[in-house]
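>>> heads up, no residue letters with this:
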Ligand code: NDP
């Protein structure tokens, strides 16, 4: 398959590998949607797919990758370790590889810094009798990450990283003397109403690339209806989604728009070089509208975001 030139923008990771700046998000896609979306994305020129064990769609995604005819080595594939697998990281990765039908992934992320009971009443969302999440308190994300480091040597993943990490949690991780492999990325919610500027500065200082999830505001893409976004898109003669995705890349952030609609999938890859003035205007959007998270974590946010961030 020929690759359109707009899909070739990459960022360098701290392990020397390159990551395509725009990747296809696949959360909340059924098996059929995920399969068709990956086929459409690879055809449009994407070479970066983001999935997770928790999304339940690794199998159709793996099948689409095979059926696409695009060489495995040319595609950057990320999957994620779910909370109930924090104490058994290799098993978690092996399960994902089996579902994907692959020998390795390019990037394996700790999905959330929250270990959950592996033997609880549900395989993904175990709860206690009082209804609260069944979280492990005698294990922490540093323990998990120490174990994840061994997976790089196994060859089952080319890189490891984290997701949903605040500055405080990144500092805690990097301060541990047994952490010898820095996370290559931190995948977090980033969009116009949550620009995460301080986290971005901290990540850059520490040679960690940020990845933006929910870059359009998640389900229903609410950011596309914002008046400033619409005005700037019009001014540049591009769609609102192109503007927002280009803004992320302009900031040096990998961006993961999700769509199951082929025309949108193709449109979302058409990034432009944003001018300084428009980039700065978008940087200010959250201070005009009020900063807000649009994706709620599947547990009390205090467990994850209870710090300076
Ligand atoms: P997005 O911000 O990517 O928005 C997805 C929504 O936008 C869907 O409703 C989609 O509709 C719509 N959409 C996409 N493109 C367009 C377009 N060009 N015009 C109009 N509407 C559009 O949300 P997500 O929350 O899915 O985030 C993206 C990805 O980030 C996820 O899929 C996942 O891979 C990752 N993620 C990671 C998390 C983590 O904890 N690490 C948490 C959340 C997301 P439709 O599909 O119907 O076309």
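Nice, thanks for sending it over. Predicted, not measured: the structure shown is a model, and the values here were computed from it.
>>> The closest residue to the ligand within the stretch 1-150 of the chain: neighbour count?
Scanning the stretch 1-150 of the chain for proximity to the ligand using CB to the nearest ligand atom identifies residue 25 as nearest, at 2.4 Å. Every residue, glycine included, has its C-beta placed from N, CA and C. Burial measure for residue 25: 25 neighbouring residues, criterion other CB atoms under 10 Å.
>>> Next up, the contacts around it.
In this structure, residue 25 makes contact with 50, 213, 256, 257, 258, 259, judged by CB atoms under 8 Å, 6 or more residues apart in numbering.
>>> where does the first one fall, phi/psi-wise?
Here the main-chain torsion angles of residue 50 (degrees, to the nearest 10) amount to phi -110, psi 120.
>>> Show me what it bridges to in the sheet.
residue 25, residue 78 (DSSP bridges).
>>> about what we covered before: filter the contacts of residue 25 to the buried ones?
In terms of neighbour count (16 or more other CB atoms under 10 Å), the buried residues within the contacts of residue 25 are 50, 213, 256, 257, 258, 259.
>>> Please list which of those also come close to the ligand.
Among those, the residues within reach of the ligand (CB under 6 Å from any ligand atom) are 50, 213, 256, 257, 258, 259.
>>> Mind checking which of these land in strands?
With strands identified by DSSP state E, the entries of these that belong to them are 50, 213.
>>> Of the ones next to the ligand among the buried ones among the contacts of residue 25, which pair is most distant in space?
The largest separation in these, counting by CB to CB, is between 213 and 259 at 13.6 Å.
>>> So, low pLDDT: which residues of the stretch 1-150 of the chain?
Applying pLDDT under 70 to the stretch 1-150 of the chain flags residues 1-7.
>>> now the helices for the stretch 201-309 of the chain?
Across the stretch 201-309 of the chain, reading from the start of the chain, the helices by DSSP state H, counting those that start in this stretch fall at 227-236, 240-250, 262-267, 276-283, 285-289, 302-305.
>>> Let me see the mean pLDDT of the longest one.
If I follow you right, that is helix 240-250. When pLDDT is averaged along helix 240-250, the result is 98.
>>> buried stuff in that helix?
240, 241, 242, 243, 244, 245, 246, 247, 248, 249, 250.
>>> Nearest to residue 276 among those?
Nearest to residue 276 among the buried residues of helix 240-250, counting by CB to CB, is residue 250 at 8.7 Å.
>>> Spatially nearest residue to the closest one, not counting backbone neighbours?
Excluding its sequence neighbours, the residue lying closest to residue 250 (CB to CB, 6 or more residues apart in numbering) is residue 274, at 4.2 Å.
>>> wait, that neighbour sits on residue 244?
No - between residue 274 and residue 244 there is no contact, the gap being 10.1 Å when judged by CB atoms under 8 Å.
>>> So residue 112 belongs to a helix, correct?
No - under DSSP: H, G, I helix; E, B strand; the rest coil, residue 112 falls outside any helix and is assigned coil.
>>> any idea how far residue 92 is from it?
Counting by CB to CB, to the nearest Å, the gap from residue 112 to residue 92 is 13 Å.
>>> If you count surrounding residues, which of these two has more?
Neighbour comparison, residue 112 and residue 92: the larger count goes to residue 92, with 27 against 23 (by other CB under 10 Å).
>>> where's the spatially closest residue to the more buried one that is not a sequence neighbour relative to residue 125, distance?
The shortest distance from residue 92 to any residue that is not its chain neighbour, by CB to CB, 6+ apart, is 3.2 Å, and that residue is residue 85. Per CB to CB, residue 85 is found 13 Å from residue 125.
>>> now residue 153
If you go by CB to CB, the gap between residue 153 and residue 125 works out to 31 Å.
>>> what about these two, which has more around it?
Set side by side, residue 153 and residue 125 give different neighbour counts by other CB under 10 Å, the larger being at residue 125 (16 against 8).
>>> Enumerate every residue touching the residue lying closest to that one once chain neighbours are set aside.
Ranked by CB to CB, 6+ apart and with sequence neighbours excluded, the top spatial neighbour of residue 125 is residue 298, at 6.5 Å. For residue 298, the contacting residues are 112, 125, 133, taking CB under 8 Å, 6+ apart as the criterion.
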